Structures are given as structure tokens and as C-alpha cells.
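S.K.: sequence and predicted structure are below.
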Amino acid sequence: MYRKETKFIVIHHDAIHDNSFNHVPIFEIYKSHLPKYGTFAYHYYVTKAGKLYQLHEDNELTYHCKGINSSSISLCLQGNFDKEYLSSKQYNSLIRTLILLKRKYPNAIIIGHRDARNTNCPGKNINVEELKKTVNNFHILRNKF
Ligand SMILES: [Zn+2]
């Protein structure tokens with residue numbers, strides 16, 4: 001199944017582990033998503049160490065945010081950001097990934113899961129407005145000299 005369009009880039013957190021810095025719960029996420037969705041719910045996953053995983057092709061339809069699944073791409077952060085904060089490695093990787101996604105989908109709007117549904121996701125310590133500003137302030141200078 002393929003998505004129709006990319007209007008939104010939706011940020012999530014997995015909220016599975018609080019302090020497991022070295023543990024990448026990819027398989028736990030998979031196990032929890034499997035009965036409900038048959039596969040991973042997210043397109044991208046950024047670990048606490050800043051490692052980026054792609055779990056689906058961009059154009060695949062996934063089930064991460066009811067109501068806008070067919071018009072959004074999803075990125076999940078490892079951690080529970082109601083309780084903890086982004087490390088600089090994870091923050092930098094998140095920003096880089098969002099910049100790349102914005103280059104692919106210039107008209108897509110970055111939102112938190114909570115902006116579309118009644119949930120805390122991606123956690124109160126994730127400032128989506130600040131992320132948006134940082135990403136939107138990234139400009140590539142070309143053909144300027
Ligand atoms: Zn979410």
C-alpha cells in the first residue's frame with residue numbers, strides 16, 4: 001500500500017524505555033506493532049546514540065497516526081520524553097533527518113503526534129516548534145557566487 005501524499009512529517013517517541021541508553025528496542029517495537037499493524041508503524045527511527053534506521057520506504061502507507069496516515073511520513077525517537085531529554089547526538093540526528101525529509105517534501109509540515117491526536121506523544125520535553133524553526137532556518141547556499 002502506498003501513501004497518496006506527504007502533507008505532514010509526524011514526530012513520535014516510543015516511550016518504551018526510560019534509561020536504556022545502549023538498548024535499541026527495534027524488536028520490541030516490532031512485536032508490539034505486529035498484532036495491530038502487521039509491521040512497524042514508523043518510517044524512521046532515531047536512537048539515543050543518534051543512529052538512524054529506516055523501517056519502511058518513504059512511500060509506504062503505515063499506521064502511526066490515525067486520520068493522517070495516508071498523508072504523512074513518520075519518525076520515532078527512542079526514549080520517553082515525558083521523563084527524559086534528547087541527548088545532543090539524538091537531537092543532531094533528528095535535525096539532520098528532518099532537514100533531509102524537508103528537502104524531499106518541501107511543503108510538508110513538521111508536527112508532533114499530539115498535534116493530530118489526543119496523546120502526549122512525542123512527550124512534553126520535545127519542543128516541536130523549536131525543531132521546526134531550526135529546520136526551517138537551514139538554507140543551502142548554491143549558485144550564489
Ligand atoms: Zn506517537
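M.R.: Looks like it came in fine. Everything quoted here is computed from the prediction, not taken from an experiment.
S.K.: who's in contact with the helix ranked longest in the chain?
M.R.: Longest helix of the chain, by residue count under DSSP state H: helix 88-104. Outside helix 88-104, the residues that touch it by CB atoms under 8 Å, 6 or more residues apart in numbering are 6, 9, 11, 44, 46-52, 58, 73, 75, 77-79, 86, 108, 110, 131, 134-136, 138. Heads up, the C-betas are built off the backbone N, CA and C, glycines and all.
S.K.: which of these are buried, as a ChimeraX select command?
M.R.: Burial among the contacts of helix 88-104 is assessed by 16 or more other CB atoms under 10 Å; the matching ChimeraX selection reads:
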select :6,9,11,44,46,47,48,50,73,75,77,78,79,86,108,110,131,135
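S.K.: tell me how many other residues crowd the residue lying closest to residue 74 once chain neighbours are set aside.
M.R.: With sequence-adjacent residues excluded and distances taken as CB to CB, 6 or more residues apart in numbering, residue 74 is closest to residue 64, at 4.1 Å. Using other CB atoms under 10 Å, residue 64 has 24 neighbouring residues.
S.K.: one more: residue 85?
M.R.: 12.
S.K.: how about the residues of the chain by the ion?
M.R.: Residues of the chain found near the ion (CB under 5 Å from the ion) are 12, 113, 121.
S.K.: wait, the second one touches residue 123, no?
M.R.: Just to be clear, that refers to residue 113. No: contact criterion CB atoms under 8 Å: residue 113 and residue 123 do not qualify, at 9.6 Å.
S.K.: lowest-scoring secondary structure element of the chain by mean pLDDT?
M.R.: helix 26-37 (a mean of 72; mean pLDDT, DSSP states H and E).
S.K.: can you list the buried residues in that helix?
M.R.: 29, 33.
S.K.: do stretch 3-13 as well
M.R.: Here stretch 3-13 shows 3, 6, 7, 8, 9, 10, 11, 12, 13 as buried, counting by 16+ other CB under 10 Å.
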